[in-house]
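Undergrad: I'll drop the sequence and a predicted model, then ask my questions.
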Amino acid sequence: MSNAFNLQQAAVIGAGTMGRGIVISLANAGIPVLWLDNNPQMLEQGLRMIEDTWAHDITKGRIGADEVNRRRAYVKPVSDYAALAAADLVIEAVYENLELKQQIFRTLDATLKPSAILASNTSALDIDAIAAVTARPEQVLGLHFFSPAHIMKLLEIVRGAHTAPAVLQAARALGERIGKVCVVAGNCEGFIGNRMLRTYVKEARLMLLEGALPAQVDGALQTFGFAMGPFRMYDVVGIDLEWRTRGLAGKGQDEPTVQVDNRLCELGRFGQKSGMGYYRYASGSREAQSDAEVDRLVEVESTRLGFVRRPVSNAEIQTRCLLALINEGAKILEGNIAASSHDIDLVYLNGYGFPADKAGPMAWADSEGVPAILDRLRTLEARHGARWRPAPLIERLAAAGQCFAAVQEGQA
């Protein structure tokens, strides 16, 4: 069966930030790629951005002009779906809207040859809901690239309920060919990385409302060894992405923990790209500078929401953010969303800036000892309530004197 998935001709739909990075990744690896966007202007801008990226690589001495010419020849802009008919693999990289993605997959299913694999670059949407609109659900999967896709090493390969093993193998082979660290994830909201991130970020946002400030939270986590704290991270990726997604979905905007984000976005403070977000950025600079205006906004919002501010220690920031990751990681293992704790660690080391010297969140938990993790979770549960209830897997491992690394696939 695997011979049917000899991925020689790729196609990408969408010429936004993600589509551009994916096209560069494919062309850099010598894979011909057809590129479609319903907006010809976006496609032109995308092609210019790719040229600029390669020109920059020439000035840095990474590649020569001959190599750029070779890569350029692999990229072919097209103007309609019919032009994609012979592609072996199509990667859809449009914005996060389920109805739009389903519409695209219906068209692809009707247009492409029967052996073609259809992939979505969604970061959180239901792969099975996308596959369900096609007549080939066994050939649908998620290929979740991380931004910028031509630089970030991680590729989450998301298996749907019907995705064939040979399709997963072909996707992994492609991922390795383009130089990615590949991890297969089960289908759930947020997959491995973003599902865990949600719990980590929720604690960070809660601690702002309880008494901390953005620079303190980020500083505490950077001291632990993270490449950047959550609020600097949001400034880099754009605070408005989640804000707009909540608006489109019509849910989540009333959640207390996102009120600071909402206020920042209403002020046009979208992050680095607008020169202001949680931090302020001097013209053209990426250096984050604390902003007293944001600190005041945090204090006003927390009072409005009924919080009584208190001192929050750096140790509490580290403990709550890390244990949120680990407890959710244990649930992901239990649900067979990840095959092993090592896969979870690969995701966090290669996609989320977890400190390399600590080998990933689950490896760090093993080094601390699962019984110690369990004790800390119980303390947090007593103080902050049911969201801290330890995952059953943690209780079982602690009772058996085992660690996360001992969990074999399908045995959690």
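TA: The structure has been received and is ready for your questions.

Undergrad: Show the pLDDT at E99.
TA: Model confidence at E99, given as pLDDT, is 90.

Undergrad: Likewise for S2?
TA: At S2, pLDDT is 40.

Undergrad: do P256 as well
TA: 91.

Undergrad: Please apply the same query to the one 5 residues further on.
TA: With respect to pLDDT, D261 has a value of 93.

Undergrad: likewise G21?
TA: For G21, pLDDT reads 94.

Undergrad: That one is in what secondary structure piece?
TA: Per DSSP states H and E: G21 is located in helix 17-28.

Undergrad: now do W35
TA: Using DSSP H and E, the element containing W35 is strand 33-36.

Undergrad: quick one: strands adjacent to that strand?
TA: Applying DSSP bridges to the sheet, strand 33-36 is found paired with strand 10-13 (parallel), strand 75-77 (parallel).

Undergrad: is it true that V90 lies in a strand?
TA: Yes. Assigned with DSSP: H, G, I helix; E, B strand; the rest coil, V90 falls within a strand.

Undergrad: Would you quantify the distance from it to H150?
TA: 19 Å (C-beta to C-beta, to the nearest Å). For glycine as for every other residue, the C-beta is placed from the backbone atoms N, C-alpha and C.

Undergrad: Just want to know which of these two has more residues nearby.
TA: V90 (25 against 19; other C-beta atoms under 10 Å).

Undergrad: What average pLDDT does stretch 139-159 get?
TA: The pLDDT scores in stretch 139-159 average 94.

Undergrad: Could you export that stretch as CSV, CA atoms only?
TA: Extracted C-alpha coordinates of stretch 139-159, given in CSV (Å, rounded to 0.1, in the frame of the first residue of the first chain):
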residue,chain,number,x,y,z
GLN,A,139,-6.2,9.6,3.5
VAL,A,140,-6.9,12.7,5.6
LEU,A,141,-4.6,13.8,8.5
GLY,A,142,-3.3,16.9,10.2
LEU,A,143,0.2,18.3,9.5
HIS,A,144,0.5,21.0,12.2
PHE,A,145,3.6,23.1,11.3
PHE,A,146,4.8,25.7,13.8
SER,A,147,5.4,29.3,12.9
PRO,A,148,7.6,30.3,11.1
ALA,A,149,7.2,26.9,9.4
HIS,A,150,10.5,27.1,7.5
ILE,A,151,12.4,27.6,10.8
MET,A,152,10.6,25.8,13.5
LYS,A,153,11.7,22.1,13.7
LEU,A,154,8.5,20.5,15.1
LEU,A,155,5.8,18.9,13.0
GLU,A,156,2.8,17.4,14.8
ILE,A,157,1.3,14.7,12.5
VAL,A,158,-2.3,14.3,13.6
ARG,A,159,-4.0,11.0,13.0
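
Undergrad: contacts for the strand holding W35?
TA: Strand 33-36 is contacted by residues 9-13, 15, 19, 23, 26-27, 43, 46-47, 74-81, 83-84, 87 when judged by C-beta atoms under 8 Å, 6 or more residues apart in numbering.
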